[in-house]
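Trainee: I'd like to go over a predicted model; first the sequence, then the structure.
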Amino acid sequence: MKYSIRCLLPGLLLLLFISFFSPLNLQAAAGPQVQLKSSIDKVMLVLRDKTLKGDENRQLRREKIEEVIFLQFDMQRIAKFSLGRGWRSLNNTERDRFVDLFRQLLARSYIPTIDGYAGEKITYKREIIKGDKAEVQTVVVSSSKEIPLNYKLKLSNGRWLIYDVIIENVSLVRNYRSQFDPIMKKEGFDGLIKRMEKRIAEAGAKDSD
Amino acid sequence: MSRRILLILFISFVWLAVGVSFNASLCRAGSGSDVDKLDSVDEFSEFDDEIVEVNDPLEIINRPIFTFNHNLHTWVITPTARAYRKVTPSVLRIGIVNFFSNLLEPTRFLNSCLQGRFAEARDTLMRFLLNSTVGVAGLMDPATFDGMKINERRFSSTLAYYGVGPGPYLVIPFYGPGNPRGVCGLVGDTFVSPLFYMVGGDPIVVVIVKASKTINQTSFRLGEYEKMISGALDPYIAIRNAFTQHQLGVLE
């Protein structure tokens, strides 16, 4: 009896210890697809939440989607690659300003698309891991079509974060770079910032219609 | 008459049976190429120093045409397609998509042959025969249901296959992004299309058929173009780059 109690206490402690740290450990061990899927599932939960449905909850719903999504995105890396060589010429304040505006631009233009979700199914096709980089290939299936949607992720601090999205062979980062590059050359960083602010304002105005 | 129907039924069953055996071979082929793809992960190399170069010497002409197409899409095609979608059941709209797609099978067949992809050519021929008979003149697509996918080989891809470059970027009025190679390909495809010989060369009929096809297709893609350019700082460049990237991906 004495023996079993003596065993029980360390056992309990061990159990407590494991249960306390296991979510963290699991997350660190989880692969890119598992982490990505968990984020997408969270977005789905928001979209299916009955208390968040309807136009009157649109603002709150979209804020929640945005919160989940950007936790999975490496905005710094997306911004850096989208600017390309232009990134190097910026100081830290300018970089922060650019990342912030880019995030707003992406949120304003793509969150409504996600919010317009109409029951499409996401099929996880394949997960390719190479060192600290990975690609997760998915297909968005609706009644009339199938759209290949691949995510590129990089491991940072135990989390797999998205740094590019490829829709039907079109990389988002490359697409933005093709736009940012000529603007940076012709109008400089200030011109780019002005254009981004204008676009965000336009998207915001359209959004509140 | 009844003998003919029996014959058609018999042929259809033979197609179905052969189709199933082809599916098995398709699956094997598919899994093999997937393994090869694993090696191409090296494209993960950063695009940090990649320079954006595009062949667009006609930008001065392309931009106004882009604006024209944009306005046409926004103010004419989209509202028409929206109204059309409201009054037309989706079964019929899907039927029309299938019908037009089926008429492209001869060009897909020919171009698969020209590119030496004989297995694809065989599958495309199967698709065409199955869909034209069991699929009621192509209105239905039992071939896809049976696991036979479309092999999108056209004259433009044959030209690319034999090393013809795309040429400068072009925005084609009423059509959208393209290049000279694509235009030549379209002309080639037209001459192989049964539709061309069905409607003849009457330009009015051609315009009506093309317009109907466009409206029908747009009814499935409402809002897609808008989504594509919603986050763009320069929609002209965004579309041009998307077209270029997509082309490269498709031709790989």
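Mentor: Ah, there it is. It should be emphasised that the depicted structure is a prediction, and the values quoted were computed from it without experimental measurement.
Trainee: and chain A, which residues reach chain B?
Mentor: Chain A comes close to chain B at residues A:81, A:84-85, A:105-106, A:108-110, A:112-113, A:116, A:126, A:128, A:130, A:133, A:135, A:143-145, A:152, A:168-171, A:173-175, A:177-183, A:192, A:195-196, A:199, A:203, as judged by C-beta under 8 Å from any C-beta of the partner chain. No exception for glycine: its C-beta is placed from N, CA and C like everyone else's.
Trainee: OK, contacts around whatever residue of chain A ends up closest to chain B?
Mentor: Residue nearest to chain B within chain A (C-beta to the nearest C-beta): residue A:169, separated by 2.6 Å. By C-beta atoms under 8 Å, 6 or more residues apart in numbering or on different chains, residue A:169 lies in contact with A:148, B:245, B:246, B:248, B:249, B:250.
Trainee: same thing with residue B:70?
Mentor: The neighbours of residue B:70, taking C-beta under 8 Å, 6+ apart as the test, are residue B:235.
Trainee: three-state assignment of it?
Mentor: At residue B:70 the chain is in helix, as set by DSSP: H, G, I helix; E, B strand; the rest coil.
Trainee: look up how far residue B:61 lies from it.
Mentor: Distance, residue B:70 to residue B:61, using C-beta to C-beta, to the nearest Å: 15 Å.
Trainee: same deal with residue B:129?
Mentor: Computed as C-beta to C-beta, the residue B:129 to residue B:61 distance reads 44 Å.
Trainee: secondary structure element for residue B:107?
Mentor: If you go by DSSP states H and E, residue B:107 is part of helix B:105-114.
Trainee: other SSEs contacting that helix?
Mentor: The contact analysis (3 or more C-beta pairs under 8 Å, 6 or more residues apart in numbering or on different chains; DSSP states H and E) places helix B:105-114 against helix B:118-133, helix B:155-161, helix B:180-192.
Trainee: list the buried residues in the host helix or strand of residue A:111.
Mentor: Per DSSP H and E: residue A:111 is located in helix A:92-115. By neighbour count on 16 or more other C-beta atoms under 10 Å in any protein chain shown, the buried set for helix A:92-115 is A:98-99, A:101-112, A:114-115.
Trainee: stretch B:122-131 now?
Mentor: Residues B:122, B:123, B:124, B:125, B:126, B:127, B:128, B:129, B:130, B:131 are the ones in stretch B:122-131 that count as buried (16+ other C-beta under 10 Å).
Trainee: farthest pair within the residues you listed?
Mentor: B:122 and B:131 (14.9 Å; C-beta to C-beta).
Trainee: which helix or strand in chain A has the lowest average pLDDT?
Mentor: Lowest by mean pLDDT, DSSP states H and E among the helices and strands of chain A is helix A:2-29, with a mean of 53.
Trainee: contacts for the helix or strand that comes right after it, please.
Mentor: Downstream of helix A:2-29, the first helix or strand assigned by DSSP H and E is helix A:32-48. Residues from elsewhere that reach helix A:32-48 (C-beta under 8 Å, 6+ apart): A:27, A:30, A:52, A:61, A:64-65, A:68-69, A:71-72, A:114-115, A:117, A:122, A:124, A:127, A:129, A:134, A:136, A:151, A:153, A:155, A:159-160, A:162.
Trainee: looking at those, which are in helices?
Mentor: Among these, the residues falling in helices (DSSP state H) are A:27, A:61, A:64, A:65, A:68, A:69, A:71, A:72, A:114, A:115.
Trainee: by neighbours, which of the residues you listed wins?
Mentor: residue A:65 (22 neighbours; other C-beta atoms under 10 Å in any protein chain shown).
Trainee: contacts only, for it.
Mentor: Contacts of residue A:65 (C-beta under 8 Å, 6+ apart): A:43, A:46, A:47, A:111, A:114, A:115.
Trainee: out of the ones in helices among the contacts of helix A:32-48, which one has the weakest pLDDT?
Mentor: On pLDDT alone, residue A:27 ranks lowest of those, at 46.
Trainee: what bits of the stretch 1-150 of chain B have low per-residue confidence?
Mentor: B:1-53 (pLDDT under 70).
Trainee: if you set the cut-off to 80 instead, what comes out?
Mentor: B:1-54 (pLDDT under 80).
Trainee: which helix in chain A runs the most residues?
Mentor: If you go by DSSP H, chain A has its longest helix at helix A:172-207.
Trainee: mind listing what's buried along that helix?
Mentor: Buried, per 16+ other C-beta under 10 Å, within helix A:172-207: A:172-181, A:183-184, A:189, A:192-193, A:195-196, A:199-200, A:203, A:207.
Trainee: and what of stretch B:163-183?
Mentor: By 16+ other C-beta under 10 Å, the buried positions in stretch B:163-183 come out as B:166, B:169, B:170, B:171, B:176, B:177, B:178, B:179, B:180, B:181, B:182.
Trainee: reformat the residues you listed into a markdown table and put pLDDT and distance to residue B:241 next to each item.
Mentor: Formatted as a markdown table, the buried residues of stretch B:163-183 follow (pLDDT from 0 to 100; distance: C-beta to C-beta, whole Å):
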| residue | pLDDT | distance to residue B:241 |
| --- | --- | --- |
| B:166 | 91 | 14 |
| B:169 | 95 | 10 |
| B:170 | 95 | 15 |
| B:171 | 96 | 13 |
| B:176 | 93 | 14 |
| B:177 | 95 | 10 |
| B:178 | 94 | 14 |
| B:179 | 94 | 14 |
| B:180 | 94 | 19 |
| B:181 | 94 | 18 |
| B:182 | 93 | 16 |
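Trainee: so who does residue B:219 touch?
Mentor: B:81, B:82, B:84, B:85, B:88, B:93.
Trainee: cool, and residue B:245?
Mentor: By C-beta under 8 Å, 6+ apart, the residues touching residue B:245 are A:169, A:170, A:171, A:174, A:175.
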